[in-house]
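K.L.:
I'll drop the sequence and a predicted model, then ask my questions.
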Amino acid sequence: MDRLAYFQAQFDEHAAALAATRAALAEPLAELVGLAARCIEAGGKILLFGNGGSASDAQHIAAELSVRLRDDRAPIAGLALTTDTSILTAASNDYGFECVFARQIAALGRPGDLCIGISTSGNSANVLRGLDAARRIGAIPAGLAGKGGGGMRGLAEPLLVVPSDETARIQEMHILIGHLFCGALERDLGLL
C-alpha cells in the first residue's frame, strides 16, 4: 500500500470539497447566521441535533456557542439535543428512536428558536421529525446536509447542502461550517 499516494488522494478530495462548498454555501451560511443573530437578540436559543458524527458536530458547535470559539466573550445560548442519555434512552424506549429529537424540541423549543438538524444524507428519520417538530412550534428549522439534501429539502430553510456524496468530506465541511457560523455570529452580535 502506498500510504503517501492515499494521503494525497484524500487531501485532493478534501480540497475539491472545500472549493465546491465555498462556492455553493457562502450565501446560505450568511442567511443562517442572520437568522441566528435575530433569534439570540430576541432571547431565543439555538438547538442542534444529529446522529453519530453529526451528533458530535452538534455538541461541538453548541460548546463553541455556549463557551467560546476563540476569544473571551459573553455566552450564546446553544444546546445539543444529543447529550442527555436519560432523555435519549427514555424517548427511544417509550416513543421510538425516530422521536428523540422531536420530543426534546417539543419540550424545550419555543417560537423563534433556531433548530439546526445535521445529517450527512439528509434522510435521518429522527432529524426529519425534529425539523418538523420545530416547524410545528413556530421555531426555525434549518439544516446541514450532504448527498443532495435528501428529505431535509423543503423541510429545513435554510438548508446548507455540502456538494459531496462522500460522508467523510461532508463531515469535514460541516465542522468548518460550524466554526464559520460561530465566528460570524459572535461578530454579528457584537460580542468581540
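P.N.:
Great, that's in hand.
K.L.:
now the helices for the chain?
P.N.:
Applying DSSP state H to the chain gives helices spanning 3-41, 53-66, 85-95, 100-108, 125-137, 167-188.
K.L.:
from the middle of its chain, how far away would the fifth one be?
P.N.:
Yep, that's helix 125-137 we're talking about. 13 Å (C-alpha atoms, centre = their mean, to the nearest Å).
K.L.:
ditto for the longest one
P.N.:
Taking C-alpha atoms, centre = their mean, one finds helix 3-41 lying 13 Å from the centre of the chain it belongs to.
K.L.:
and if you look at the fourth one?
P.N.:
In terms of C-alpha atoms, centre = their mean, the centre of helix 100-108 is found 16 Å from the chain centre.
K.L.:
thinking again about what came up before, now distance to Lys147, mean neighbour count and mean pLDDT too, for the helices of the chain, in CSV please.
P.N.:
The C-beta positions use only the backbone N, C-alpha and C, and glycine is treated the same way. What follows is the helices of the chain, written out as CSV (distance: least, C-beta to C-beta, whole Å; neighbours: other C-beta atoms under 10 Å; pLDDT from 0 to 100):
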stretch, distance to Lys147, mean neighbour count, mean pLDDT
helix 3-41, 12, 15, 97
helix 53-66, 13, 21, 98
helix 85-95, 25, 13, 97
helix 100-108, 20, 22, 98
helix 125-137, 13, 22, 98
helix 167-188, 7, 20, 98
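K.L.:
wait, which of those is closest to Ala145?
P.N.:
Across those, Ala145 has its closest neighbour in helix 167-188 (7.8 Å, C-beta to C-beta).
K.L.:
State the distance from the closest residue to Ser124 other than its chain neighbours to Leu191.
P.N.:
Once flanking residues are discounted, Ser124 sits nearest to Asn51: 5.5 Å by C-beta to C-beta, 6 or more residues apart in numbering. Noted for Asn51: a distance of 30 Å to Leu191, by C-beta to C-beta, to the nearest Å.
K.L.:
and these two? which has more neighbours close in?
P.N.:
Asn51 (21 against 16; other C-beta atoms under 10 Å).
K.L.:
Could you point out which of the helices of the chain sits nearest Val161?
P.N.:
Closest among the helices of the chain, once you apply C-beta to C-beta, is helix 3-41, at 7.6 Å.
K.L.:
I'd like to know which of the helices of the chain lies nearest to Leu79.
P.N.:
It's helix 53-66; of the helices of the chain, that one is closest to Leu79 (C-beta to C-beta) at 5.6 Å.
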